[in-house]
Each structure stands twice: as structure tokens, then as C-alpha cells.
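Participant: Mind looking at a prediction? Sequence and model below.
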Amino acid sequence: MALSAQESPSPRPLEVALLASVFVVAACGLLYELAAGAIASYLLGDSVLQFSTIIGTYLFAMGAGSWLSRFFERQLPAHFLRIELLVAVIGGALPAILFIANAYAPGAFRFLLYALVLAVGTLVGLEIPLVMRILKRNVALKDLVSQVLTFDYLGALAVSLAFPLVLVPQLGLVRTGLLFGLMNAAVAVWALWLFRHELRQWRAHAVACGLTLGALAAGLAGADQITTLAEDHFYQDRIVFTASTPYQRIVVTNGKTGHRLFLNGNLQFAERDEYRYHEALVHPAMSAHGAPKKVAVLGGGDGMAVREVLKYASVESVTLVELDPAMTTLFSQQSALTQLNGGTLKSPKVTIVNTDAFRWLEQTSDTFDVVIVDFPDPTNFSVGKLYTNSFYALLDKRLAASGYAVVQTTSPLVARKSFWTVVTTIESVGLTATPYHANVPSFGEWGFVAAGRRPFRLAGALPADMKFLNLQTLPALFDFPQDMARVPAEVNRLSNQALVHTYEREWGKVSH
């Protein structure tokens, strides 16, 4: 019996299978794009720039792939199967290739990054037009377009939510890439079975599917070894702990000079001289106050700054605000690391709050005698917002009338303009800024800025158990030689984040 105009035939198994493939294809394609952007932001900094250029390159490549699909006229299922296998291999291996390249051939990293993104984007751009042309045999055009685009967008939505919340924290980037490569290969195997009667070289395609699945499965089984191979070469010392969190890649190494902490490949402290950094960060402001009772530490999830704060008998409470709970868990549970911070994260005086410091300053109503600001350097806009006049205006509200804040502020020697940009930005909100610096061998000359509503004064006393600072050497920290003296700098605002660009430019000169 003929169908009425209002009725539509139920989907055939072939159509359902191909639409499910569209869902998987879209999810895998976006996953590779997100992985490339995440790795680029980890290793190159400036996450907005990296994600923008990766997305732009990927979309351009998809457009090129869609245009190239017009030249595929015959044996469409065979072409679709081959493209799936290529995407599976190139996309699935993309994170592993990039991490290894960064460790063994850092000069080729950027070229390889965009070459892989172009390759994957072109292949993904070929996929959807081929699926649509295969489905066109049995589906009306208006239904075809709506169905394919619906499944394409649903796949993209699924992976965009799973990537930061589940995949990276639980699996890591290398294993996630290989897992999704296997999913692409599974689509190829599905196509092998669906079109078994159309494929002229079925046996050759079956062998290719088997080899691809085998290679990706082997890579997935050895994902930890792949990561270790890359990171051991990059970090040189023996790696004792690694974790990928929604916020960063944490690596702790141990070598002849002790433990070192890296976040996204950037050194945060070295056991042999971290005391110089943390004493310089904490004690000028704490001792200048006189008798601080309430202290906040923003960042510093390793607990080293808290260790120095608790050397003052007057301190009644310390609020540690650290975005990444993995950091505070690591440095409160790993015995080798708790020895470094003296187990201070378990002190009854310490309250740990795992949240964004900017948001916390907006929401809290507490005021503090001293606020220690120990964030990573402004390598990207997500960290750069913590160096803006908006952030310092919030910080001002949380300081008691006689309180001081202190901000770690990169190197005034290597990144001179970046350093004085922070000083200028602090002054722009009405606080008195007092810059100083200290030599930390692992970092070189390093800068800090004390800030408050009252003029800063040098301390008359310091805790007894100091390794670096004493009352005789303290004044030298506030003396700037000519090559670190103040230079003109603009205010760092949320709307422009000028500091991130300045920082990248100044440190880029050193790395190249």
C-alpha cells in the first residue's frame, strides 16, 4: 500500500547505522581539536590564542575537506572506510605525537601541531559529505540534511562536555586520543560489514581495519609508557607523580637536587632553594604587619607559603584558596611532599577552600591582616585575570585597614616590563605598591610586590628559624639596580589583558 503524504517510512537499519556513525565521527573530530588546543595551551601558553588558532585552522581544513569531497565519485563506501582509518590513526595518535615531539624535537612542535590539525580537519571535512551522499540513495534531501546535522551537533555536544569533566581527568590526553581513535576505527569496521557486498577489495580493507585496531589498542595499552617516555626526557629527573586535572598537568620529579614541581611543564619550585622564594614571598609582609591574626593564601596549594605563615605565633587562622583540589590533596597526603611543607595543610589553623580565587574574593565578606598571592605566572588569560586591576580592587576590599598583601610577580630582570605592569596595576586601584626582589637560583632574579593602604615599613624582627632572610639582608631586597629599575607600563585590565602579551613577548625572547 502506498504511503500517504503525512507518513514517512521508518528508518532502515543502514540509515540508523550511518547516522550513529555521524554521531561518533563528530565526537571524535571535536575531541582531536580540543586535544590539540589543550596541548598547545599547556606547552605554548596563552590559551585563548592557542585555542583560537587551532579552531580556525581546523575549521578551514574542514572546509577544504568538504570541497575536496566533490572529487570522490565512485566507491563512496570504500572511500569513507579509508578516511575513517586515516582519521583513527592520525587523530588518535595526535596527543602522543605532540608530547613526544615536545620532548625530543621542541623546535618542530609548532609545525607538527598545525600539520596534524590540518590533516585531521581535512579528513573530518571529507567524512560528512560522503555519509550524506551515501544516505542520499534512500533519504529525502530535507530529512537527510536535518538528520545528519542533528547527529553531528549531538556528537559535538557530548564530547565538549565529557572532555574537561571526565575524559582528561580520568584518562589523560594520550589515552583519550587513542580511545577515540579506536572509536573511529570501530566505525570503519562497521562500514566494512555494512557495505560488505559493495566493497571490491573487501579482504584488503579488512586487513587494514585489523592493523589499525591492533596498533591503536597496543598504543592504548602502553599509554602510560608513551607518556613516561616523553615526560622522562622532558623533565630529566625521575618522575614520582603525575596527574591530569581539569585545570592543569601536575608533575613531581625527584633527582639529585630533590623534588621539583611542574605545572603544565613550568617549574613551580625546586626543593633545594624553594625556601628562598617562600621566605621572600611571605616574611616581608607578615613581619611588617607586626602581629597578623587572620591570613589568606591565594594559590600556593603546595603548602610552602602556609608553612612560612605558621611561623608566627600570632596567627590564629589561615585560609588557603587553591583552585585545583588535586594539588591540596597531593601536598597533604604524599609523605615526601608533606615533609617539605611540614604537614601544615593538616594544621587545625588551616582551612582549605578549593575554588577560583577571583570568585572567592567576590563572595567572601571576611577581611584579613595579610593576604599572600602566590599564583603561577600570567602565561594565559585564565591566570592573567588574577593580575588585573579588577582582581586587585577585590583584594583591596578584603584587606584590613592596616593589612598588607603580597604578590609574586615574575622576574624583574628577564620580564622587566611585565613586572612593572603589575606594580602599575596595583597602584591603579589606590593601593601603595612596594616592589622588591630576591635571587632564587632555580629561577634567577625574582620579583614580588607588597601592597597596602598604609606605607610599607621594614620589619624590626623576623622568625628565628630562617635560612635566607635576616634583618641585615632584608633592606637589600628593596634596592633595584639600573637594569631592573622601573619602566613605563600600562594597567592590566580584564578587557585587554596586556600583561599576558607582554609576558609572552619577554619570556619568548629568552626561550628562543
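Facilitator: Everything's here; your move.
Participant: Report the helix or strand with the lowest average pLDDT across the chain.
Facilitator: Every helix and strand in the chain was compared by mean pLDDT, DSSP states H and E; the lowest is helix 141-162, with a mean of 76.
Participant: Identify the residues contacting that helix?
Facilitator: 8, 19-20, 22-31, 34, 128, 131-132, 135-136, 139, 167 (C-beta atoms under 8 Å, 6 or more residues apart in numbering). Quick note: C-beta positions are derived from backbone N, CA and C, even for glycine.
Participant: Next secondary structure after that helix?
Facilitator: Downstream of helix 141-162, the next assigned helix or strand under DSSP states H and E is helix 168-194.
Participant: Name the residues of that next one that are buried.
Facilitator: Buried residues in helix 168-194, counted by 16 or more other C-beta atoms under 10 Å: 168, 171-192, 194.
Participant: so what secondary structure elements neighbour it?
Facilitator: Judged by 3 or more C-beta pairs under 8 Å, 6 or more residues apart in numbering; DSSP states H and E, helix 168-194 is in contact with helix 13-44, helix 76-104, helix 202-221, helix 223-235, strand 238-244.
Participant: what angle sits between the fourth one and strand 238-244?
Facilitator: Here helix 223-235 runs at 120 degrees with respect to strand 238-244, directions being taken by axes from the mean of the first three to the mean of the last three C-alpha atoms, to 10 degrees.
Participant: Helix 223-235 - what's its average pLDDT?
Facilitator: The average pLDDT within helix 223-235 is 80.
Participant: hmm, back to that, format the helices and strands packed on helix 168-194 as a markdown table; extra columns: mean neighbour count.
Facilitator: Output for the helices and strands packed on helix 168-194, formatted as a markdown table (neighbours: other C-beta atoms under 10 Å):
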| stretch | mean neighbour count |
| --- | --- |
| helix 13-44 | 22 |
| helix 76-104 | 23 |
| helix 202-221 | 16 |
| helix 223-235 | 17 |
| strand 238-244 | 16 |
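Participant: could you dump these to JSON lines with distance to residue 343?
Facilitator: Converted to JSON lines, the helices and strands packed on helix 168-194 look like this (distance: least, C-beta to C-beta, whole Å):
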{"stretch": "helix 13-44", "distance to residue 343": "31"}
{"stretch": "helix 76-104", "distance to residue 343": "34"}
{"stretch": "helix 202-221", "distance to residue 343": "38"}
{"stretch": "helix 223-235", "distance to residue 343": "26"}
{"stretch": "strand 238-244", "distance to residue 343": "17"}
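Participant: Tell me which of the ones you listed lies nearest to residue 500.
Facilitator: Evaluated over the helices and strands packed on helix 168-194, closeness to residue 500 peaks at helix 13-44, with 11.9 Å, by C-beta to C-beta.
Participant: Could you identify the helix or strand that succeeds the closest one?
Facilitator: Once the chain leaves helix 13-44, the next helix or strand it forms, by DSSP H and E, is helix 47-68.
Participant: What residues sit buried inside that next one?
Facilitator: Going by neighbour count (16+ other C-beta under 10 Å), the buried part of helix 47-68 is 47, 49-51, 53-55, 57-58, 61-62, 65-66.
Participant: which of the residues you listed lies closest to residue 299?
Facilitator: residue 47 (17.5 Å).
Participant: which residues does residue 192 contact?
Facilitator: Neighbouring residues of residue 192 by C-beta under 8 Å, 6+ apart: 81, 199, 202, 205-206, 209.
Participant: that older thread, quick one, which of the helices and strands packed on helix 168-194 is nearest to residue 495?
Facilitator: Evaluated over the helices and strands packed on helix 168-194, closeness to residue 495 peaks at helix 13-44, with 20.9 Å, by C-beta to C-beta.
Participant: Show the secondary-structure elements that that closest one is packed against.
Facilitator: Against helix 13-44 (3+ C-beta pairs under 8 Å, 6+ apart) you get helix 47-68, helix 76-104, helix 109-135, helix 141-162, helix 168-194.
Participant: right, so of these, which gets closest to residue 411?
Facilitator: helix 47-68 (21.8 Å).
Participant: what separates the closest one from the chain centre, distance-wise?
Facilitator: Centre-to-centre, helix 47-68 and its host chain are 20 Å apart (C-alpha atoms, centre = their mean, to the nearest Å).
Participant: Just give me the least confident of the contacts of residue 192.
Facilitator: Here the lowest pLDDT out of the contacts of residue 192 sits on residue 199, with 84.
Participant: Hmm, residue 80 and that one touching each other?
Facilitator: No: counting by C-beta atoms under 8 Å, residue 199 stays clear of residue 80, with 10.5 Å between them.
Participant: Now do the buried residues in the least confident helix or strand of the chain.
Facilitator: Buried residues in helix 141-162, defined by neighbour count with 16+ other C-beta under 10 Å: 144, 147-148, 151-152, 155-156, 158-159, 162.
Participant: can you check stretch 428-441 too?
Facilitator: Neighbour counts using 16+ other C-beta under 10 Å place 428-429, 431, 433-438, 440 of stretch 428-441 among the buried residues.
Participant: of the residues you listed, closest to residue 38?
Facilitator: residue 440 (29.5 Å).
Participant: so what's the closest one bridging to?
Facilitator: Beta-bridge partners for residue 440, by DSSP bridges, are residue 444.
Participant: residue contacts, it?
Facilitator: Counted by C-beta under 8 Å, 6+ apart, residue 440 has contacts 273, 276-277, 280, 446.
Participant: repeat for residue 25
Facilitator: Neighbouring residues of residue 25 by C-beta under 8 Å, 6+ apart: 84, 87, 124, 127-128, 131, 152, 155, 184, 187.
Participant: Apply 10 Å and report the result again.
Facilitator: 18, 80, 83-84, 87, 124, 127-128, 131, 151-152, 155, 183-184, 187 (C-beta atoms under 10 Å, 6 or more residues apart in numbering).
Participant: What separation do you get for the most centrally placed residue in the chain and residue 324?
Facilitator: Nearest to the geometric centre of the chain sits residue 248, at 4.3 Å (C-alpha atoms, centre = their mean). Separation of residue 248 from residue 324 (C-beta to C-beta, to the nearest Å): 6 Å.
Participant: Can you tell me the closest non-neighbouring residue to residue 345?
Facilitator: residue 332 (3.9 Å; C-beta to C-beta, 6 or more residues apart in numbering).
Participant: elements contacting the helix or strand hosting the one you found?
Facilitator: Assigned by DSSP H and E, residue 332 belongs to helix 325-333. Judged by 3 or more C-beta pairs under 10 Å, 6 or more residues apart in numbering; DSSP states H and E, the packing partners of helix 325-333 are strand 238-244, strand 249-255, strand 258-263, helix 335-341, strand 350-353.
Participant: can you list contacts of it?
Facilitator: With C-beta under 10 Å, 6+ apart as the criterion, helix 325-333 contacts 169, 241, 243-248, 250, 252, 261, 263, 268, 299-304, 306, 320, 322, 324, 337-338, 340-341, 343-346, 350, 352-355.
Participant: Can you show me the CA trace of it as CSV?
Facilitator: Output of helix 325-333 as CSV, limited to C-alpha atoms (Å, rounded to 0.1, in the frame of the first residue of the first chain):
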residue,chain,number,x,y,z
PRO,A,325,41.8,20.1,44.7
ALA,A,326,44.4,17.6,43.3
MET,A,327,47.1,20.0,44.5
THR,A,328,46.0,20.3,48.1
THR,A,329,45.3,16.5,48.2
LEU,A,330,48.7,15.7,46.9
PHE,A,331,50.6,18.0,49.3
SER,A,332,48.6,16.9,52.3
GLN,A,333,48.8,13.1,51.7
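Participant: how much does that helix deviate in direction from strand 249-255?
Facilitator: For helix 325-333 against strand 249-255, the angle by the same axes, to 10 degrees is 30 degrees.
Participant: Return the set of buried residues in helix 325-333.
Facilitator: 326-332.
Participant: next one: stretch 444-455
Facilitator: 445-452.
Participant: Which one of those residues is nearest to residue 92?
Facilitator: residue 446 (41.3 Å).
Participant: quick one: the closest residue in space to that closest one that isn't next to it in sequence from residue 463, how far?
Facilitator: Spatial nearest neighbour of residue 446, chain neighbours left out: residue 440 (5.0 Å); criterion: C-beta to C-beta, 6+ apart. According to C-beta to C-beta, residue 440 and residue 463 sit 19 Å apart.
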